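A.B. asks: One predicted model, sequence on top.
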Amino acid sequence: MDFGDHRVEIIPDAEFKLDGGAMFGVVPRVVWERVCPADGLNRIRMNMNCLFIETGKERILVETGIGEKWTPRQTEIYGIERQRPFADSLFEITGCRPADISIVINTHLHFDHAGGNTVGKDAENASPQFTSARYLVSRSEFEHAESPHERDRASYLSENWRPMIDTGQLELMPDRYEVVPGLTIEQVRGHSETMQTVRLESGGRTLYGFADLIPTRHHLSPAWIAGFDLYPVETLAFKKMILPRAIEEDWTCLFYHDIDTPLCRLIEKDGKIVPVQIN
């Protein structure tokens with residue numbers, strides 16, 4: 001779709017599943033399962049909605065999904081259901097091949113955001129999927145990924161960034177930076193210490209990607225915060241600050257993990273924040 005002076009598309013990667021209790025934290029299952037029914041293993045369905053931005057000069061991809069380097073056992077654990085390779089989805093939706101992408105941005109390096117950075121028959125044989133791209137990640141996030149602590153170590157798989165060190169494609173960025181005019185990446189503490197959000201401003205419009213701070217439209221309620229968040233009180237403060245602004249300024253909001261509705265406007269109705277799907 002046209003978004004101001006840019007073209008914007010959503011590239012869904014693959015369905016996967018995570019524990020519903022972990023995704024909704026202190027919210028009881030009897031409440032969250034009304035909107036996100038769980039399977040027999042207590043897992044809920046999610047997707048990875050990667051953002052493609054074409055500026056005329058650059059072809060930018062924000063996040064690359066979960067990747068295709070998983071063993072059968074890992075595929076079973078995470079309930080990964082892939083209909084086609086990410087490269088095929090990218091081409092069908094945008095007409096671009098991986099080699100046409102000029103910039104890849106990772107808000108953070110968890111495997112469900114950076115897994116598609118590389119391809120290969122397995123982790124030991126991974127190589128960059130986007131062979132002509134600059135890969136941008138904050139220095140703070142890179143340093144944490146290289147030395148994670150016990151709380152989030154399982155989310156970081158080095159095969160998703162080290163091959164780009166070898167090829168010279170990885171560029172370490174500040175905690176806040178502008179990729180191209182109007183596209184700003186900014187660190188917000190909550191989900192982790194160093195995760196970043198995405199803001200695209202063009203033609204008087206704003207598109208905002210919350211990354212994992214508000215992973216689905218079902219997480220709009222202030223208290224609905226993932227148990228994965230390292231700093232949930234700060235996630236709460238961020239939501240109470242950012243969501244009224246998104247409503248007032250009529251932002252297009254991107255929910256990275258929403259299975260059905262990645263792009264929404266937000267309105268207030270009967271004292272609640274309600275998502276309105278953008279077609």
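C.D. replies: Thanks, I have it.
A.B. asks: quick one: the helices in the chain?
C.D. replies: Along the chain, counting by DSSP state H, helices occupy 20-24, 29-32, 72-77, 86-94, 111-114, 139-146, 162-167, 232-248.
A.B. asks: Minimum distance to I66: which of those helices has it?
C.D. replies: helix 111-114 (4.9 Å; CB to CB). (C-beta placed from N, C-alpha, C; glycine too.)
A.B. asks: one step back: and of the helices of the chain, who's closest to T197?
C.D. replies: Ranking these by proximity to T197 (CB to CB) places helix 232-248 first, at 8.6 Å.
A.B. asks: pretty sure R176 is touching E186, no?
C.D. replies: Yes. If you go by CB atoms under 8 Å, R176 and E186 touch, sitting 4.5 Å apart.
A.B. asks: More neighbours: which of those two?
C.D. replies: E186 (15 against 12; other CB atoms under 10 Å).
A.B. asks: sorry, back to before: pick the most deeply packed of the helices of the chain.
C.D. replies: Highest mean neighbour count of the helices of the chain: helix 111-114, a mean of 26 (counted as mean count of other CB atoms under 10 Å).
A.B. asks: chain center to that helix: distance?
C.D. replies: Computed by CA atoms, centre = their mean, to the nearest Å, the chain-centroid distance of helix 111-114 equals 8 Å.
A.B. asks: so what's N279 scoring on pLDDT?
C.D. replies: Predicted confidence (pLDDT) for N279: 69.
A.B. asks: related to what we said a few turns ago, among the helices of the chain, which comes closest to F210?
C.D. replies: When the helices of the chain are compared by CB to CB, helix 232-248 sits nearest F210, at 7.9 Å.
A.B. asks: what packs against that closest one?
C.D. replies: On a contact count with 3 or more CB pairs under 8 Å, 6 or more residues apart in numbering; DSSP states H and E, helix 232-248 meets strand 263-269.
A.B. asks: Buried ones in the strand it packs on, by neighbour count?
C.D. replies: Of all the residues in strand 263-269, those buried under the rule 16 or more other CB atoms under 10 Å are 263-264, 266.
A.B. asks: okay, these in a markdown table with distance to L230 next?
C.D. replies: Output for those, formatted as a markdown table (distance: CB to CB, whole Å):
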| residue | distance to L230 |
| --- | --- |
| L263 | 27 |
| C264 | 26 |
| L266 | 25 |
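A.B. asks: got the residue ranges for the strands in the stretch 51-200 of the chain?
C.D. replies: Secondary structure of the stretch 51-200 of the chain by DSSP state E, counting those that start in this stretch: the strands cover 59-62, 103-105, 118-119, 127-128, 134-138, 170-173, 176-180, 183-187, 196-202.
A.B. asks: Return the list of helices and strands in contact with the fifth one.
C.D. replies: So that's strand 134-138. Partner elements for strand 134-138 (3+ CB pairs under 8 Å, 6+ apart): strand 103-105, strand 170-173, strand 183-187.
A.B. asks: Highest mean neighbour count across those, which stretch is it?
C.D. replies: A comparison of these by mean neighbour count, using mean count of other CB under 10 Å, puts strand 103-105 on top with a mean of 25.
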